[in-house]
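K.L.:
Quick check, what structure comes out for this input:
(chains A, B and C)
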Amino acid sequence: MRQNYAFLDENSKKEIRRKTLKAIAIPGYQVPFASRELPIARGWGTGGLQLTLSLAGQSDTVKVIDQGSDESVNAVNIRKLIQDTTGVPDTIHTDAATLIQSRHRIPEVPLKPYQILVLQVPMPEPLRPVEPQERVTKMLHADKEYSGAWLRLFEQIMNYDSITEDADYPVLVEGRYVMAPSPIPRFDNPKMDNNDGLILLGAGREKKICALPPYTKVKSLAFEDYPFEVESFDDVICRQSGLTGVYMDELIDEETGETYYQTNDTSYMQEAMNREGSVK
Amino acid sequence: MSTHDNIALSVRGAGKFYGDRCNYCRNENNPLNNNICPYCRTVFAVDDVSFDLYKGEILGIVGESGSGKSTLMKMLYFDQERSAGEYYITGYAEGVPNVFTLSSQHRREIQNEILGMVYQNPVYGLKMDFSSMSNIAEKLIAAGSRNVGEMTAAGDHFLDKVNIPLDRKFEPPENFSGGMQQRVQIAKALSNYPPILLLDEVTTGLDVSVQADVLELIKEIQRELGISMIVVSHDLAIIRMLCDRTMVMLNGSVAEAGITDQILEDPKHHYTQQLVYSIL
Amino acid sequence: MGYVAVKGGTKAISASVEMYKNKNRVEALEMEISQIKAGMAQMINQIMSEASLYDRDLAALAVKQSEGNMEEAVFLLRAHRSTLPRLYYSTVTNTREMFVERRVSASFKDIPGGQILGASPDFTHRLLDDTMTYSEASFEMTDADSYGYSLSRLPKVIDYLASEGLLNKVPEDNETPDDITKQTIEFPSSRSERLQSLTRGQTGAVTSLGYAEIRGYGYSSHPNIGEVRVGQQPVHIDPFGDGEGYFIGDVELTEVDAFMPADGDAAEQSKEMEFKIGCGLVFGQNETKAIAMSVLDYSLSHPVPGVATGDDEFVLLHVDSVESTGFISHLKLPHYVTFQSVLDRIRKTKGGTES
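P.N.:
I've put the predicted structure just below:
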């Protein structure tokens, strides 16, 4: 069957771009949009994919990652759909991409001013764990009433003497909107603050678009005496590359049964190893 | 606008109507059928109520159910939209704006920082399944606190003040008796030292001995902290015990207002006379 | 090193796709689209309704391609729907002009135009029949007289109730309906948003929630089915906006008017009871779904506090097949990074990071 350029019909893409512009104009605010069904399943990245498809032009180079890897099955699948419908070239090199679609990670290489990072978002509403109703959470955002989000962290401290929120750790954008950054690890939260590139967040099933324009202030929620903490890889070295200070995967050596660590951002690791001339 | 130095808040011509009002009932001189318009059946739940609350005093509002006293209270706490009237709070923007007409964001700010509310039913004032400590923290967080240590210290202080054993501070109110729940609610409302406290039938439904405890607590707090309070009750005995001045409401309007002792000794309005003699 | 989704994704994926494509085709006889269309009409009805795309050929293709997996077939059509430019809206169509093939009323024995049983499995015995064959003979519906009425001009039962003054007369709402495929639902929802979500809803989900509403959680009582009608509904467009309608075809529809005895308007403190209406309208012959839809239309318009089936967010956001199956199935995707983050927090509560 004949397909449109970038799968969606032109009017749909135009609507998505308009809503994206609105999101950029109101950093951290969830703009509702008429999310379309795509040939990949809801919950599998349709929000991010709609953003990418609405933006991908002839001069773009696309990189797609999932769990930090270009070769993860879902990344491969999404990249193939983008390529089949647009013919836009792809890359695994973060620097060489103009459009980066990612699930659950922000690359280790800082974004450049010419780059757009598209994050796939399952649950865009940071207040959903404390309030199930959309009509109520909309009002809470309007009133800037975020006690519920803070209280959740407070209750964790009361129960466990530490904040137990793991990934998708809520952030305050430009001192106004509390936003769910998508399930990136806390390790990646600081990368959003005052960064050089544009970050777009697309939730297909929940039909929301959020944006962090370049140089936006993004602060993870925390208390003065219980500061925000990222995942700790302090004493850990990547077995393959020797890298430190990056997000790691924890793996088990099948032969020895030992736990070892490996850099999660695979293209970053590969580039580092190439530079060292030690690629395996 | 309140000009008097000693005034905590003032209300002028406050009204809450259910219905569209017709030409007949828009004219204040036309009599209503109790508080219902005989033509368009608009209900005047609160009709043209004006009063001042002085700093450090306890003002009583007494009346039977349906007199509009609880509706008035909900309007003062912004739980219900007003239909008419003005409302000035000295502690907010120097008492200049009519706070009834502020945006919901600003009203929320007043609710969080200037007012405290204790409802008849603790379900409305507490998160029943969160720890008592977290309930208190919720009010403090809303009022801007971001320090866990300070908040738990305040929680200890106020829970102790309302005689909740501190070894039960991490228990949720749903585990507590009605009187204890009410005391947690009072502790929460007080926790950020709001200049104005609203108490709506707070002892109704409690055992007589527990009632006496709670009333004693309210008096003590008022003496110690000098908080201005409005106490709504259908029970003249409570009003007599707590309130410096009293306002008697009937069918949505103020029937009589003045010094509590004077009203009880020498009631002027027929309805007040009935009320006073019925308990003597 | 075991299976790590770091390398080899491309190869693994293409092998899996190849295997899926070939798995059942080796032994299966090639099925013709025309056979699926003819022999699985009810499945196609359900798929078109959930996909909100009326095209029997494409639905049959979707059945073939998905090996009869309903959620996959609906998904295929929905995805295809996204590629189509939306050129026109139909003009208002009145179900009083439906060419009726079947209509029954559970409320009145004698209805103007009569009960027409038509084709339905309702009165068959559900016994597996291994002797069943497809016969050559065909059965023709004709526009025969029905108690003196034309089948495309049958009066509706609801009109009778209205003429008796038993029906809560609601002022006609001629606002352009909202379209949830062009504008996201915002809450509180409009009635047109509710009706559109429900008619696109997954048959099983709509049925279960409708069942819960009448079994004991909301209305908790029996609605009376004023009329279920199934038939061919003419559709027109007005491309030049001059009121000149162009006929573009018929669609098969199932329509349900459910009567709910209820208190009169509370604001007027009326002591009278009257009937309120729940409306169900779906593509194809899908009678159970249409009835359940009418129940939910009522429950969402007259919510009982604290009851899930009266909560528009609860019902509308969870009945869509593509959304619910997509999110449930995404749990299969790798979550290594977030799981690592969870591990970090759990270890912290146990006192320090081990490595």
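
K.L.:
Now do residue C:92 against chain A, distance only.
P.N.:
Counting by CB to the nearest CB, to the nearest Å, the separation of residue C:92 from chain A is 23 Å. From N, CA and C alone the C-beta is placed, and that goes for glycine too.

K.L.:
count of neighbours near whatever residue of the stretch 151-280 of chain B ends up closest to chain A?
P.N.:
Relative to chain A, the nearest point of the stretch 151-280 of chain B is residue B:170 (6.2 Å; CB to the nearest CB). A count of nearby residues for residue B:170, using other CB atoms under 10 Å in any protein chain shown, gives 13.

K.L.:
which residue packs closest to it, ignoring adjacent ones?
P.N.:
residue B:131 (4.6 Å; CB to CB, 6 or more residues apart in numbering or on different chains).

K.L.:
Likewise for residue C:36?
P.N.:
Residue C:36 sits nearest to residue C:60 (CB to CB, 6+ apart), 4.1 Å away.

K.L.:
so what secondary structure elements neighbour the one helix or strand that neighbour maps to?
P.N.:
Using DSSP states H and E, residue C:60 falls within helix C:56-65. Applying 3 or more CB pairs under 8 Å, 6 or more residues apart in numbering or on different chains; DSSP states H and E, one finds that helix C:56-65 makes contact with helix C:33-39, helix C:41-51, helix C:70-82.

K.L.:
distance of the residue nearest to residue B:170 from residue A:132?
P.N.:
From residue B:131 across to residue A:132, the span is 21 Å (CB to CB, to the nearest Å).

K.L.:
who's more crowded, those two?
P.N.:
Shown here are residue B:131 and residue A:132; by other CB under 10 Å, residue B:131 has more neighbours (21 against 14).

K.L.:
now the helices and strands packed on helix C:56-65 in a markdown table, with mean neighbour count?
P.N.:
As requested, these are exported to a markdown table (neighbours: other CB atoms under 10 Å in any protein chain shown):
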| stretch | mean neighbour count |
| --- | --- |
| helix C:33-39 | 15 |
| helix C:41-51 | 23 |
| helix C:70-82 | 22 |
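
K.L.:
got CSV for these, with mean pLDDT and distance to residue B:196 too?
P.N.:
Listed next are the helices and strands packed on helix C:56-65 as CSV, based on pLDDT from 0 to 100; distance: least, CB to CB, whole Å:
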stretch, mean pLDDT, distance to residue B:196
helix C:33-39, 92, 72
helix C:41-51, 97, 55
helix C:70-82, 96, 55
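
K.L.:
As a markdown table, the ones you listed with distance to residue C:115 would be great.
P.N.:
A markdown table is the format used below for these (distance: least, CB to CB, whole Å):
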| stretch | distance to residue C:115 |
| --- | --- |
| helix C:33-39 | 28 |
| helix C:41-51 | 22 |
| helix C:70-82 | 31 |
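
K.L.:
So which of those is nearest residue B:29?
P.N.:
Closest to residue B:29 of the helices and strands packed on helix C:56-65, according to CB to CB: helix C:41-51, at 61.2 Å.

K.L.:
Only C-alpha atoms, please: export the closest one in CSV.
P.N.:
Only the C-alpha atoms of helix C:41-51 are listed here, as CSV (Å, rounded to 0.1, in the frame of the first residue of the first chain):
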residue,chain,number,x,y,z
ALA,C,41,-19.0,-10.7,8.7
GLN,C,42,-19.6,-10.4,12.5
MET,C,43,-15.9,-10.3,13.3
ILE,C,44,-15.5,-7.7,10.6
ASN,C,45,-18.4,-5.7,12.2
GLN,C,46,-16.6,-5.7,15.5
ILE,C,47,-13.3,-4.7,14.0
MET,C,48,-14.7,-1.8,12.0
SER,C,49,-16.5,-0.6,15.1
GLU,C,50,-13.4,-0.6,17.3
ALA,C,51,-11.2,0.8,14.6
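
K.L.:
by how many degrees do it and helix C:70-82 diverge?
P.N.:
50 degrees (axes from the mean of the first three to the mean of the last three CA atoms, to 10 degrees).

K.L.:
What segments of the stretch 151-280 of chain B are helices?
P.N.:
For the stretch 151-280 of chain B, helices defined by DSSP state H, counting those that start in this stretch occupy the ranges B:178-190, B:208-225, B:236-242, B:260-265, B:270-279.

K.L.:
again but with chain A, I slipped
P.N.:
Counting by DSSP state H, chain A has helices at residues A:10-25, A:46-55, A:73-86, A:134-142, A:147-160, A:189-192, A:266-276.

K.L.:
All the helices of the stretch 51-200 of chain C, residue numbers only.
P.N.:
Secondary structure of the stretch 51-200 of chain C (DSSP H, counting those that start in this stretch): helices located at C:56-65, C:70-82, C:157-163, C:191-200.

K.L.:
looking at those helices, which is closest to residue C:239?
P.N.:
helix C:70-82 (20.6 Å).

K.L.:
Put the alpha carbons of that closest one into PDB.
P.N.:
Provided in PDB are the C-alpha atoms of helix C:70-82 (Å, rounded to 0.1, in the frame of the first residue of the first chain):
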ATOM      1  CA  MET C  70      -8.800  -8.900  17.000                       C
ATOM      2  CA  GLU C  71      -6.500  -6.400  18.800                       C
ATOM      3  CA  GLU C  72      -4.000  -6.700  16.000                       C
ATOM      4  CA  ALA C  73      -6.600  -6.300  13.300                       C
ATOM      5  CA  VAL C  74      -8.100  -3.200  15.000                       C
ATOM      6  CA  PHE C  75      -4.500  -1.800  15.400                       C
ATOM      7  CA  LEU C  76      -3.800  -2.300  11.700                       C
ATOM      8  CA  LEU C  77      -6.900  -0.400  10.700                       C
ATOM      9  CA  ARG C  78      -6.300   2.400  13.200                       C
ATOM     10  CA  ALA C  79      -2.700   2.800  11.900                       C
ATOM     11  CA  HIS C  80      -4.000   2.900   8.400                       C
ATOM     12  CA  ARG C  81      -6.600   5.500   9.400                       C
ATOM     13  CA  SER C  82      -3.800   7.800  10.500                       C
END
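
K.L.:
What segments of chain B are strands?
P.N.:
Taking DSSP state E as the criterion, chain B carries its strands at B:7-18, B:43-54, B:58-62, B:84-89, B:115-118, B:196-200, B:228-233, B:245-250, B:253-259.

K.L.:
Please see if the shortest one touches chain A.
P.N.:
No. Residues of strand B:115-118 contacting chain A under CB under 8 Å from any CB of the partner chain: none, with a closest distance of 14.3 Å.

K.L.:
Against residue B:97, how distant is the residue sitting nearest the centre point of chain B?
P.N.:
Central residue of chain B (CA atoms, centre = their mean): residue B:198, 2.8 Å from the mean position. Separation of residue B:198 from residue B:97 (CB to CB) stands at 20 Å.

K.L.:
Up against chain A, what does the stretch 201-350 of chain C have?
P.N.:
The stretch 201-350 of chain C has residues C:311, C:313, C:317, C:322-323, C:325-330, C:333-338, C:340-346, C:348-349 near chain A, with proximity defined as CB under 8 Å from any CB.

K.L.:
what about 7 Å?
P.N.:
The stretch 201-350 of chain C comes close to chain A at residues C:313, C:322-323, C:326-327, C:329-330, C:333-334, C:336-338, C:340-342, C:344-345, C:348-349, as judged by CB under 7 Å from any CB of the partner chain.

K.L.:
low-scoring stretches of the stretch 151-280 of chain A, by residue?
P.N.:
By pLDDT under 70, the weakly predicted segments of the stretch 151-280 of chain A are A:278-280.

K.L.:
try 50
P.N.:
Residues of the stretch 151-280 of chain A meeting the criterion pLDDT under 50: A:279-280.

K.L.:
Let me see the ranges of the strands in chain A.
P.N.:
Under DSSP E, chain A gives strands at A:31-32, A:62-66, A:99-103, A:116-120, A:171-173, A:177-179, A:198-203, A:208-212, A:218-220, A:248-252, A:259-263.
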